[in-house]
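>>> Pasted the sequence and its predicted model underneath.
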Amino acid sequence: MTRIIVTGISGRMGSRIADIIRETPGLTLAGAVEAPGSFAVGTLLPEGQQVVDDLSKNIMHADVVIDFTSPRATLHHAEIAAKHDKALVVGTTGFNPEERGQLVDRLARIPAVFSSNMSIGMNVMFKVAADTARLLGEDYDIEIFEAHHRHKKDAPSGTALSLAEEIAKSVGRDLAKVAKYERYGQVGERPAREIGIQTIRGGDIIGDHTVYFAGSGERVEITHRATSRDNFARGAVLAAKWVSDKSPGIYTMADVLGLK
């Protein structure tokens, strides 16, 4: 039986992850964490455990921790997991370069799955989009469009950035040099090797991502639309089950799904 602790248990993702753990044979919800001051702190889970305000208070009961919170909270949770030699699944996005470096240092000490998107379909799209960019070559302009709900705090989405990184790598471009995140006014002609990444926010959109390969006389589009958060939650639970017996190191959903 794999014992899992969920951080951010009262959030959109945390609550669904907890439900799916309960539905999955061989897994048990061993505890939950919420931010200090949250209404959920001190309440009881159906399993009988109390929701705590710091992972260090219950991590000894876990084999794996699943974390979908915020960059600051995730860094704290990663440090605690590393201290206690517990596996960690991270789906948090929005890290700045310094935070990402700190996180990678901590995750490298334990078995960890770190991915901007836990959806099985989206991870297949990462590979398909990269392969398509390589096959089409330099004559097709590449643009990435992403849309999310009004409450999302980071932009572009971590998924859009991962798409751009995979595509850039496949065609031998440095994303830091070719990425274009906005256009306004007299921007001039589009550079041939530019990779555009455009964002909209509104309503309750769970997550839409489209890659456009625009050539002369034709356009290839690859789209993934999330219609439920369950696909992310199921992927995170699958990752937790997979990583529980792995050696220390940073893995991705491509490792979990055997896509590499």
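Thanks, I have it. Residues are numbered from 1 along each chain as shown.

>>> And the contacts of the host helix or strand of Leu103?
Per DSSP states H and E, Leu103 falls inside helix 97-107. For helix 97-107, the surrounding residues in contact (CB atoms under 8 Å, 6 or more residues apart in numbering) are 71-72, 74-75, 78-79, 81-82, 88, 90, 95, 114, 250. (C-beta placed from N, C-alpha, C; glycine too.)

>>> switch the cut-off to 7 Å
71, 74-75, 78-79, 82, 88, 95, 114, 250 (CB atoms under 7 Å, 6 or more residues apart in numbering).

>>> In strands only, show me those.
Taking DSSP state E as the definition of strands, the contacts of helix 97-107 contribute 88, 114, 250.

>>> Name the member of those residues with the most neighbours.
Comparing these by number of neighbours (other CB atoms under 10 Å), Leu88 comes first, having 30 neighbours.

>>> Kindly format the C-alpha coordinates of the lengthiest helix in the chain as PDB.
The longest helix of the chain (DSSP state H) is helix 120-136. Below are the C-alpha coordinates for helix 120-136, written out as PDB (Å, rounded to 0.1, in the frame of the first residue of the first chain):
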ATOM      1  CA  ILE A 120      -1.400  12.000 -20.300                       C
ATOM      2  CA  GLY A 121      -2.800  13.600 -23.400                       C
ATOM      3  CA  MET A 122      -0.700  16.800 -22.900                       C
ATOM      4  CA  ASN A 123       2.500  14.800 -22.400                       C
ATOM      5  CA  VAL A 124       1.800  13.000 -25.700                       C
ATOM      6  CA  MET A 125       1.300  16.400 -27.300                       C
ATOM      7  CA  PHE A 126       4.800  17.600 -26.100                       C
ATOM      8  CA  LYS A 127       6.300  14.800 -28.100                       C
ATOM      9  CA  VAL A 128       4.100  15.100 -31.100                       C
ATOM     10  CA  ALA A 129       4.600  18.900 -31.300                       C
ATOM     11  CA  ALA A 130       8.400  18.500 -31.100                       C
ATOM     12  CA  ASP A 131       8.400  15.800 -33.800                       C
ATOM     13  CA  THR A 132       6.200  17.900 -36.000                       C
ATOM     14  CA  ALA A 133       8.400  20.900 -35.700                       C
ATOM     15  CA  ARG A 134      11.400  18.900 -36.600                       C
ATOM     16  CA  LEU A 135       9.700  17.300 -39.600                       C
ATOM     17  CA  LEU A 136       8.300  20.500 -41.000                       C
END
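
>>> Can you tell me what sits against it?
Helix 120-136 is contacted by residues 117, 142, 159, 162-163, 166-167, 170-171, 211, 213, 220, 222, 224, 231, 235, 253-254, 257, 259 when judged by CB under 7 Å, 6+ apart.

>>> So what's the residue count around the nearest residue to Leu175 once chain neighbours are set aside?
Spatial nearest neighbour of Leu175, chain neighbours left out: Ala168 (4.1 Å); criterion: CB to CB, 6 or more residues apart in numbering. For Ala168, the neighbour count with other CB under 10 Å is 21.
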